[in-house]
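J.: starting from these lines, generate the structure:
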Amino acid sequence: MHFNLGFLATALLATVVAFAGADCTGAQTGSGTGGPGTCLTEGGGSARSWSYSGVTNQIQFFQSGGPNDNCRGTPFTTRGAGSGCVTAPTG
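T.: Presented below is the predicted three-dimensional model:
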């Protein structure tokens, strides 16, 4: 599945790395950095999970397509400050 990554309300710069496998495993398929209100997309690529670091407020992850395209609509998950790993929902 193809997913968009949305950085909303982060401060300074946060870093996200995309992975082919669940739980931030497998090949790295891309990476990016963003600040407050930045929407990062995978440009037609896809990933199963993402690690994130440097988030000082929150980060939201959106599935691409339909009303959620380009970081709009409802995120499939929102995480608070810090770092971690997010795996896309099944389907």
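
J.: that's a helix at Pro36, yeah?
T.: No. Using DSSP: H, G, I helix; E, B strand; the rest coil, the assignment for Pro36 is coil, not a helix.

J.: what's the distance between it and Asn57?
T.: Going from Pro36 to Asn57 by CB to CB, to the nearest Å gives 8 Å. Using the backbone N, CA and C atoms, a C-beta is placed for each residue, glycine as well.

J.: and what of Trp50?
T.: The value you get for Trp50 to Asn57, if CB to CB is used, is 17 Å.

J.: those two: which has the busier surroundings?
T.: Trp50 (25 against 13; other CB atoms under 10 Å).

J.: tell me what the host helix or strand of that one is packed against?
T.: Secondary structure assignment for Trp50, by DSSP states H and E: strand 49-63. Using 3 or more CB pairs under 8 Å, 6 or more residues apart in numbering; DSSP states H and E as the contact test, the elements touching strand 49-63 are strand 3-6, strand 14-19, strand 77-87.

J.: and that strand, what's buried?
T.: Buried residues in strand 49-63, defined by neighbour count with 16 or more other CB atoms under 10 Å: Ser49, Trp50, Ser51, Tyr52, Gly54, Val55, Thr56, Ile59, Gln60, Phe61, Phe62, Gln63.

J.: quick check: the fourth one touching Ile59?
T.: Yes. Shown here, Tyr52 and Ile59 form a contact pair, counting by CB atoms under 8 Å, at 5.6 Å.

J.: list residues touching both of the two?
T.: Ala14, Val16, Arg79 (CB atoms under 8 Å, 6 or more residues apart in numbering).

J.: output these as JSON lines; include the columns pLDDT and neighbour count.
T.: Shown next, in JSON lines, are the shared contacts of Tyr52 and Ile59 (pLDDT from 0 to 100; neighbours: other CB atoms under 10 Å):
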{"residue": "Ala14", "pLDDT": "87", "neighbour count": "24"}
{"residue": "Val16", "pLDDT": "91", "neighbour count": "23"}
{"residue": "Arg79", "pLDDT": "92", "neighbour count": "16"}
